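Asker: Fold the following, please.
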Amino acid sequence: MEEHPFVSVIIPAYNEEKYIAKCLEGWVDQDYPKDRYEILVYDGMSTDRTAEIVREFERNHPNLVFYRKNPKRRQVYAFNMGIRESRGEFFIIFGAHAYPERDFLRKSVETFLKIKKMEPKLAGAGGKIIKLFQNRLAKFVALIYSSPLSGASTFWYEEKPHFAKTVAFALYDKKVAEEIGGFDEDMLIGDDFEFNLRLNKKGYKLFFNPEIKSHYYARSSWKGFIKQSFNYGAVKGVSIRKGYFSPLWLFPLGFLGFEALLPLVPKLLWLFALYWLALFGESLRLAYKTKNPDGIFLPPVMFLFHNLISLGFIAGLLLHKRAFR
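Answerer: Numbers count the residues shown, from 1 in each chain. Predicted coordinates for the structure are as follows:
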């Protein structure tokens, strides 16, 4: 495989006029040969200046930036359109609300080629996302996802290179993606999660390298946090309906069942107390590690988070995709 394989960068965007320029500036300035990659932006029919900004980049960087329309609007459709229309033997799905470091593409390719020599079933390589917080709540919510108690993917809190179940903003082998049928368009949310699960199920591997860095503007509101947490559980419920399974996914059922039994079995209260003790211990650890004093408020919010995930899981399991459409 050649040193500089051709890579297609696929960016879904909808009403991203505040961020898309920063994203594209990062991509056109990569320290990778300009004739060995392309940037495909799929606009979900934005109502702001997103299209205008992307078209300006297209004019200034012909043969590098390409504007495309995504009439179905949802990002999963942009993913599949991008795979079909891309010229690269590799592709990267990237967020318009983020931007890459200058060596992102080079290090993604180098990592993939290096690990591929040791692991022939490698399908993708991803890196570390550095969050930029737009408000205090977003910084607080990040604490939740940076804890193993959240059940979040390891790339949110691990610091060492490792094979992972899921990776973000990864460089994927296009042939493998086509082999497994691309992205599942039932998954209007959690499409990348399901895609990675399917790769795992087919025996393919994913690798995390923290030296591959990108920056993501994290925004949050209480409404958004509640919806995101519910969907986080719903995606796993739908995944079980689609034939995937992990023992950890049974936690929501066990958690709700445990809460229901508490009034009936008082002896379980000591377990409930241990749960809260674990939350308080984790809140102190994270507050100290991140130097964010808001970490001390984590226990009640993590309790809310666990309940929302559990309810979302039940909805996803019973209602399929309608749970979060």
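
Asker: all contacts plus neighbour counts: C-alpha atoms, from now on.
Answerer: Noted.

Asker: separation between Ser150 and Val65?
Answerer: 38 Å (CA to CA, to the nearest Å).

Asker: between these two, which one's more packed in?
Answerer: Set Ser150 next to Val65 and count neighbours by other CA atoms under 10 Å: Val65 wins out with 23 against 14.

Asker: So what's the residue count around Ala234?
Answerer: Neighbouring residues of Ala234 were enumerated by other CA under 10 Å; the total is 31.

Asker: quick check, it in a helix?
Answerer: Yes: with the criterion set as DSSP: H, G, I helix; E, B strand; the rest coil, the secondary structure at Ala234 is a helix.

Asker: got a list of what it touches?
Answerer: The neighbours of Ala234, taking CA atoms under 8 Å, 6 or more residues apart in numbering as the test, are Ile309, Leu311, Gly312, Phe313, Ile314, Ala315, Gly316, Leu317, Ala323, Phe324.

Asker: Whatever helix or strand the first one lives in: how far from the chain's middle?
Answerer: Taking DSSP states H and E as the criterion, the element that holds Ile309 is helix 298-319. Chain-centre distance of helix 298-319: 19 Å, with CA atoms, centre = their mean, to the nearest Å.

Asker: And the helices in the stretch 201-325 of the chain?
Answerer: Assigned by DSSP state H, counting those that start in this stretch, the stretch 201-325 of the chain shows helices spanning 222-241, 251-261, 269-290, 298-319.

Asker: how about low-confidence regions in this protein?
Answerer: 1-2, 152-158, 320-325 (pLDDT under 70).

Asker: re the thing from before, pipe the helices of the stretch 201-325 of the chain into CSV and attach distance to Glu52 per row.
Answerer: Supplementary listing: the helices of the stretch 201-325 of the chain in CSV, determined by distance: least, CA to CA, whole Å:
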stretch, distance to Glu52
helix 222-241, 28
helix 251-261, 44
helix 269-290, 39
helix 298-319, 38
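
Asker: Out of these, the one nearest Lys174 is which?
Answerer: For Lys174, the closest of these is helix 222-241, at 23.0 Å, according to CA to CA.

Asker: For that closest one, output the C-alpha coordinates as PDB.
Answerer: What follows is helix 222-241, C-alpha atoms only, in PDB (Å, rounded to 0.1, in the frame of the first residue of the first chain):
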ATOM      1  CA  TRP A 222     -30.500  20.800  30.100                       C
ATOM      2  CA  LYS A 223     -33.000  20.000  27.400                       C
ATOM      3  CA  GLY A 224     -30.100  18.700  25.100                       C
ATOM      4  CA  PHE A 225     -28.600  16.700  27.900                       C
ATOM      5  CA  ILE A 226     -31.900  15.000  28.700                       C
ATOM      6  CA  LYS A 227     -32.500  14.200  25.100                       C
ATOM      7  CA  GLN A 228     -28.900  13.000  24.400                       C
ATOM      8  CA  SER A 229     -28.900  10.800  27.500                       C
ATOM      9  CA  PHE A 230     -32.300   9.200  26.600                       C
ATOM     10  CA  ASN A 231     -31.000   8.600  23.000                       C
ATOM     11  CA  TYR A 232     -27.800   7.100  24.400                       C
ATOM     12  CA  GLY A 233     -29.900   4.300  25.900                       C
ATOM     13  CA  ALA A 234     -32.300   4.000  23.000                       C
ATOM     14  CA  VAL A 235     -29.500   3.400  20.600                       C
ATOM     15  CA  LYS A 236     -28.400   0.400  22.600                       C
ATOM     16  CA  GLY A 237     -32.000  -0.900  22.800                       C
ATOM     17  CA  VAL A 238     -32.300  -0.700  19.000                       C
ATOM     18  CA  SER A 239     -28.900  -2.400  18.600                       C
ATOM     19  CA  ILE A 240     -30.100  -5.400  20.600                       C
ATOM     20  CA  ARG A 241     -33.100  -5.600  18.300                       C
END
